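In: this is a predicted model, with the sequence first.
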Amino acid sequence: MTNQVNSNSVMVENEDYDTIDLLEVLDIVRRRILIIVLTTVIAAGLGFSVSKFLLVPQYEASALMIVNTRQDTTANVTSDQINSAAKLVSTYSIIIKSDTVLQQVINNLGLSLTYNELKERVTVSAVDDTQVMQITVRSNNPEWARQVCEQITAVSPDVILESVEAGSVKLISQASATPDPVSPSIPRNTAIAGLLGLVLSMGVVILREMLDNKIKSEEDVRKYLEMPVIGVIPDYEMGGKR
């Protein structure tokens with residue numbers, strides 16, 4: 001019975017201690033709220049400025065192509081053929097991003113990029129796990145991206161047909177560039193910078209207060225030294241001197 005009472009007492013003390021700690025944190029935040037808000041606003045402003053004035057806007061141009069398992073598309077297409085064509089998208093995407101296709105695009109357009117540099121700007125992906133694949137080119141110049149994407153769709157079908165020796169790839173959507181940049185996202189970067197500023201400022205303020213072991217008030221004497229306060233010397237000014 002005694003052990004149970006002692007255990008309950010320890011639990012109550014721990015609960016009180018956790019509550020006091022939480023109240024201390026809230027009090028620290030309340031007292032330093034101006035610094036926290038100011039730091040958050042400055043961080044958000046920096047995120048906005050960097051995204052708006054320092055980062056180069058990037059645009060994307062894309063085109064859609066459909067994959068068929070055979071060259072003769074006049075006959076009825078079965079579901080098995082559609083599933084097979086969808087699986088071929090990953091194979092065709094490798095061919096499209098190969099040097100056989102991209103190097104020919106570089107030569108046709110007279111680009112100053114190397115094969116690896118152009119490859120990093122090209123993305124090929126299946127649309128919703130179907131037999132349709134999307135070719136996307138990213139650049140800081142939307143017209144440049146459109147021309148490269150258009151040239152890829154012109155060169156790749158013959159290369160794919162020659163490499164696979166079966167099936168076909170046909171263009172179903174002409175290459176077009178996005179009118180607005182896809183990156184950087186100014187609202188998102190501003191929000192992330194502001195959130196980081198909020199978290200960092202709160203962390204620094206709370207950590208600094210927690211590590212400060214100076215006795216500043218009679219309440220600190222009672223709490224940390226566990227001694228009663230028998231008197232307090234007030235501050236006063238006389239003749240301009242404190």
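Out: Okay, I see it.

In: can you pull the pLDDT of residue 87?
Out: Per-residue confidence (pLDDT) for residue 87: 72.

In: got it, and residue 79?
Out: In the predicted model, residue 79 carries a pLDDT score of 53.

In: measure stretch 91-102 end to end?
Out: 16 Å (Cα to Cα, to the nearest Å).

In: pLDDT weak spots in the chain?
Out: When residues are selected by pLDDT under 70, those of the chain lie in 1-21, 69-86, 165-167, 223-224, 238-242.

In: quick one: the helices in it?
Out: According to DSSP state H, the chain carries its helices in the segments 2-31, 33-49, 79-96, 99-109, 115-121, 142-164, 186-211, 218-220.

In: next, format the ones you listed as TSV and append mean neighbour count.
Out: (Glycine included, C-beta is placed from N, CA and C.) What follows is the helices of the chain, written out as TSV (neighbours: other Cβ atoms under 10 Å):
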stretch	mean neighbour count
helix 2-31	10
helix 33-49	16
helix 79-96	17
helix 99-109	18
helix 115-121	15
helix 142-164	19
helix 186-211	15
helix 218-220	12
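
In: looking at the ones you listed, which is closest to residue 128?
Out: Taking Cβ to Cβ as the criterion, residue 128 comes closest to helix 79-96 out of the helices of the chain, the separation being 9.7 Å.

In: in a markdown table, list the helices of the chain along with distance to residue 171.
Out: Conversion of the helices of the chain to a markdown table gives the following (distance: least, Cβ to Cβ, whole Å):
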| stretch | distance to residue 171 |
| --- | --- |
| helix 2-31 | 59 |
| helix 33-49 | 40 |
| helix 79-96 | 12 |
| helix 99-109 | 14 |
| helix 115-121 | 20 |
| helix 142-164 | 5 |
| helix 186-211 | 33 |
| helix 218-220 | 76 |
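
In: so which of these is nearest residue 133?
Out: Taking Cβ to Cβ as the measure, those were each checked against residue 133, and helix 79-96 came out nearest at 4.7 Å.

In: ignoring the adjacent residues along the chain, who's closest to residue 228?
Out: With sequence-adjacent residues excluded and distances taken as Cβ to Cβ, 6 or more residues apart in numbering, residue 228 is closest to residue 222, at 7.2 Å.

In: figure out which of the helices of the chain is closest to residue 66.
Out: If we rank the helices of the chain by Cβ to Cβ, the stretch that ends up nearest is helix 79-96, at 8.0 Å.

In: wait, residue 157 touches residue 168, no?
Out: Yes: with contact defined as Cβ atoms under 8 Å, residue 157 and residue 168 form a contacting pair (7.0 Å).

In: if I pick the closest residue to residue 186 other than its chain neighbours, what's in contact with it?
Out: The shortest distance from residue 186 to any residue that is not its chain neighbour, by Cβ to Cβ, 6+ apart, is 4.6 Å, and that residue is residue 51. With Cβ atoms under 8 Å, 6 or more residues apart in numbering as the criterion, the residues that contact residue 51 are 184-186, 189-190.

In: so how far is stretch 94-111 from its chain's centroid?
Out: How far stretch 94-111 lies from its chain's middle: 30 Å, per Cα atoms, centre = their mean, to the nearest Å.

In: with stretch 87-104 instead?
Out: Between the mean C-alpha location of stretch 87-104 and the chain-wide mean there is a distance of 28 Å, by Cα atoms, centre = their mean.

In: ok, the residue nearest to residue 228 to residue 235 distance?
Out: The span separating residue 222 from residue 235 equals 20 Å under the rule Cβ to Cβ, to the nearest Å.
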